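Colleague: no FASTA, just this:
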């Protein structure tokens with residue numbers, strides 16, 4: 001690996017911009033919206049049984065767009081259920097480990113009716129311990145919703161083939177739903193699993209000097225200024241692979257990377 005290559009996480013502003021371009025060029029949020037509209041109402045239908053309030057905990061909610069969608073679905077449930085009076089929603093601006101440590105120090109393990117972890121388990125050092133801890137906080141009929149990239153997505157192929165040749169740091173792990181379900185099985189935790197197709201338009205990645213393409217390259221490889229710092233042979237190899245059917249489909253002149261998501265519902 002060339003010494004000039006460095007992790008995208010070393011440049012916060014560029015990471016934020018590359019992530020923004022990813023959202024613009026992908027169907028990530030549309031895919032999540034489809035799940036919230038079609039699947040979530042049935043999943044949360046019983047979490048408020050025998051309760052006068054529903055307690056919701058958001059872990060890694062980011063800017064909060066998806067949190068608001070989840071809350072709106074729960075509010076619909078409240079409106080249809082006469083014995084429910086209110087929703088308590090906890091929005092802690094801290095990491096899962098910080099929250100866990102704070103609760104352990106206070107010796108105050110509050111029970112939750114619904115916990116959601118959206119695209120955040122990549123940033124947890126000990127994923128099984130994290131899953132076990134938050135599972136222990138579930139009340140009767142409660143659930144955890146985990147969203148992360150699918151093991152059937154092209155992310156898994158990209159990370160498996162090129163991960164060792166790209167710059168890494170401790171901030172992010174290469175983890176997909178395939179890894180997560182194995183962990184849950186080992187822990188003996190029950191769950192249900194849903195996969196939904198999502199794509200990312202990476203057409204600009206193949207246009208030399210295209211700013212949008214450069215930022216998408218950074219996001220794909222988690223490398224700051226990948227186009228300028230990557231060894232030519234590595235760049236050529238990844239570029240060739242990304243145009244293959246196992247990574248992307250070509251539709252209406254666009255190259256669409258498989259960004260499929262998994263929605264894992266953990267039960268109490």
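Modeller: Perfect, thanks for sending it. These figures come from a predicted structure and were not determined experimentally.
Colleague: and residue 120, what's its pLDDT?
Modeller: For residue 120, the pLDDT comes out at 89.
Colleague: same check, this time on residue 222
Modeller: For residue 222, pLDDT reads 94.
Colleague: how about it, what does it touch?
Modeller: 7, 8, 9, 166, 167, 168, 172 (CB atoms under 8 Å, 6 or more residues apart in numbering). Where you see a C-beta, it was placed from the backbone N, CA and C, and this is true even at glycine.
Colleague: same thing with residue 148?
Modeller: So residue 148 contacts 119, 121, 122, 175, 176, 177, 180, 261, 262, 264 (CB under 8 Å, 6+ apart).
Colleague: past the one helix or strand in the chain whose mean pLDDT sits lowest, which element shows up next along the chain?
Modeller: When each helix and strand of the chain is scored by mean pLDDT, DSSP states H and E, strand 86-91 comes last, with a mean of 57. Proceeding N to C from strand 86-91, the next assigned helix or strand is helix 96-106, under DSSP states H and E.
Colleague: okay, the angle between the following helix or strand past that next one and helix 96-106?
Modeller: The first helix or strand that comes after helix 96-106 along the chain, using DSSP H and E, is strand 112-118. Orientation of strand 112-118 against helix 96-106 (axes from the mean of the first three to the mean of the last three CA atoms, to 10 degrees) gives an angle of 150 degrees.
Colleague: past strand 112-118, which element shows up next along the chain?
Modeller: By DSSP H and E, the next helix or strand past strand 112-118 is helix 127-135.
Colleague: residue ranges with poor pLDDT in this structure?
Modeller: 1-3, 48-52, 61-65, 75, 77-94, 170-171 (pLDDT under 70).
Colleague: do a quick rundown of the strands in it.
Modeller: Under the criterion DSSP state E, the chain contains strands at 53-59, 86-91, 112-118, 138-149, 191-196, 199-201, 248-251, 254-258, 261-267.
Colleague: make JSON lines out of the ones you listed and add distance to residue 41.
Modeller: Formatted as JSON lines, the strands of the chain follow (distance: least, CB to CB, whole Å):
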{"stretch": "strand 53-59", "distance to residue 41": "14"}
{"stretch": "strand 86-91", "distance to residue 41": "15"}
{"stretch": "strand 112-118", "distance to residue 41": "13"}
{"stretch": "strand 138-149", "distance to residue 41": "13"}
{"stretch": "strand 191-196", "distance to residue 41": "14"}
{"stretch": "strand 199-201", "distance to residue 41": "25"}
{"stretch": "strand 248-251", "distance to residue 41": "31"}
{"stretch": "strand 254-258", "distance to residue 41": "27"}
{"stretch": "strand 261-267", "distance to residue 41": "13"}
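Colleague: nearest to residue 33, out of these?
Modeller: Closest to residue 33 of the strands of the chain is strand 191-196 (CB to CB; 10.3 Å).
Colleague: in that closest one, what counts as buried?
Modeller: By neighbour count on 16 or more other CB atoms under 10 Å, the buried set for strand 191-196 is 191, 194, 196.
Colleague: using a markdown table, lay out these together with distance to residue 28.
Modeller: Converted to a markdown table, the buried residues of strand 191-196 look like this (distance: CB to CB, whole Å):
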| residue | distance to residue 28 |
| --- | --- |
| 191 | 22 |
| 194 | 15 |
| 196 | 10 |
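Colleague: nearest to residue 25 among these?
Modeller: Using CB to CB, these come closest to residue 25 at residue 196, 17.7 Å.
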